[in-house]
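Peer 1: below: sequence and its predicted model.
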Amino acid sequence: MNDFDYYPAEYKRLKRNYVEFSYMVNGRMQRVRKYFDHYRNKTFGEKKAREYARQINAKLSDGWRPGMDTGTAGRVALKAAIANVLAIKYEFSRVRTVQSYRAHYNLLMHLISLVASDGITCEEFTQEHAAKAMDLLVKLRKPSGTTYNNYLTNYRSWWNELIERGHVKDNPFAKLKPKKQKRAENRVFSDAELKALVDHLRETDVWFLMACQLLYYGGVRRSELVGLKVSALEGRCILIPGEVAKNGKARTVALPEPVADELAALLQSSQKELFLFGKGLEPHEKKAWPNRISERFAQHREALGMDKRLKFYGLKDTAAERLLRSGVDVSRIRDLYDHSSVAITDAYLKRRTGVVDEALADNFPPLV
């Protein structure tokens, strides 16, 4: 250990290429890493990394520390401190999360410039400033309750990071109350809407049609769909492993034979280790995110000019309602969809028997 309050920046080449340095915060060393393995040219990436390490070491030796504004006599500038927090978060976040953080950060800096000043320090920013900033956000952006709460959650999280780094003692956003969130409106599909959707998907997106059928006939949820491998299809059944299933318990879903045959035909040339609905929502080695399914459904819904209250998950609700209307016993629907009751969207998961109901699959009301 050296005699200073920091460890100098070093370039390291392990599984990933990065520059690492540490500095003292409240008696503890805070480590910072910046990765450089995103460059296609490895030699160029190494050059940039070593140049960055030299620049950081020069600044550290001059007394600079992350988040410090040298124009405020050692006090920590709020803008720089939050930027430093986010720079570290970016290294462990997916692209969409990074984009969201940047948008929220830019808006926050604008709000702070209106309710305080650009040069305000961490310790000078109070709960009163936070409340005024959030009030102004409402006035300028008119966000929904959900969007407002997303901003508030991020800002609370960032200030908790500032507390951990010793920049502030309290979180000025902690006592601000979240807004009430309206429950998303949704409804079941009419027969005509289902037919229009199926006809459209058969012409434009057969893989997404299959995703819709697995939800409709087997209650296979978004997170389960993107976690399934091609090997999950065995005969006319989909085997959902515990690590993929929403309730953590493996289950087997029987499909109507025409649907199982259609899926088998689609998978003829697909390797078993691929994700069934991977990148692009088709067999791929890379896993897709569950929200890609909702986004794809919204695109098709818009193309058809359908009611925005129609959701991908509504296919499951529609199937359950149709089963009830056709006289299927409520307990069989409960087992098929892992519901504790038939109050579809308000249900809780119930322990399954593990029995595959092929008779139910054979008598399932057709999608169209």
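Peer 2: Okay, I see it.

Peer 1: ok, Leu108 touching Leu136?
Peer 2: No: using CB atoms under 8 Å, Leu108 is not in contact with Leu136, being 10.7 Å away. Heads up, the C-betas are built off the backbone N, CA and C, glycines and all.

Peer 1: these two - which one has more neighbours?
Peer 2: Set Leu108 next to Leu136 and count neighbours by other CB atoms under 10 Å: Leu108 wins out with 21 against 16.

Peer 1: on the three-state scheme, the more buried one is what?
Peer 2: At Leu108 the chain is in helix, as set by DSSP: H, G, I helix; E, B strand; the rest coil.

Peer 1: and it, what does it touch?
Peer 2: Going by CB atoms under 8 Å, 6 or more residues apart in numbering, Leu108 touches 82, 133, 155.

Peer 1: got JSON lines for those, with secondary structure, pLDDT and neighbour count too?
Peer 2: What follows is the contacts of Leu108, written out as JSON lines (DSSP: H, G, I helix; E, B strand; the rest coil; pLDDT from 0 to 100; neighbours: other CB atoms under 10 Å):
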{"residue": "Ile82", "secondary structure": "helix", "pLDDT": "89", "neighbour count": "24"}
{"residue": "Ala133", "secondary structure": "helix", "pLDDT": "96", "neighbour count": "24"}
{"residue": "Tyr155", "secondary structure": "helix", "pLDDT": "96", "neighbour count": "25"}
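
Peer 1: which one of these is nearest Glu123?
Peer 2: Taking CB to CB as the measure, Glu123 lies nearest Ile82 of these, at 13.7 Å.

Peer 1: residues contacting the closest one?
Peer 2: Neighbours of Ile82 in contact, by CB under 8 Å, 6+ apart: 105, 108, 158, 162.

Peer 1: tell me where this structure has strands.
Peer 2: Applying DSSP state E to the chain gives strands spanning 6-13, 17-25, 28-35, 233-234, 237-240, 251-254.

Peer 1: I'd like those as a markdown table, with mean pLDDT, distance to Leu225 and mean neighbour count appended.
Peer 2: Formatted as a markdown table, the strands of the chain follow (pLDDT from 0 to 100; distance: least, CB to CB, whole Å; neighbours: other CB atoms under 10 Å):
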| stretch | mean pLDDT | distance to Leu225 | mean neighbour count |
| --- | --- | --- | --- |
| strand 6-13 | 86 | 38 | 16 |
| strand 17-25 | 85 | 35 | 18 |
| strand 28-35 | 84 | 31 | 15 |
| strand 233-234 | 90 | 13 | 15 |
| strand 237-240 | 92 | 10 | 20 |
| strand 251-254 | 90 | 12 | 21 |
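
Peer 1: where's the closest residue to Val328 other than its chain neighbours relative to Ala196, distance?
Peer 2: Closest residue to Val328 apart from its sequence neighbours, by CB to CB, 6 or more residues apart in numbering: Leu360 at 7.0 Å. According to CB to CB, to the nearest Å, Leu360 stands 26 Å off from Ala196.

Peer 1: ditto for Gln299
Peer 2: 15 Å.
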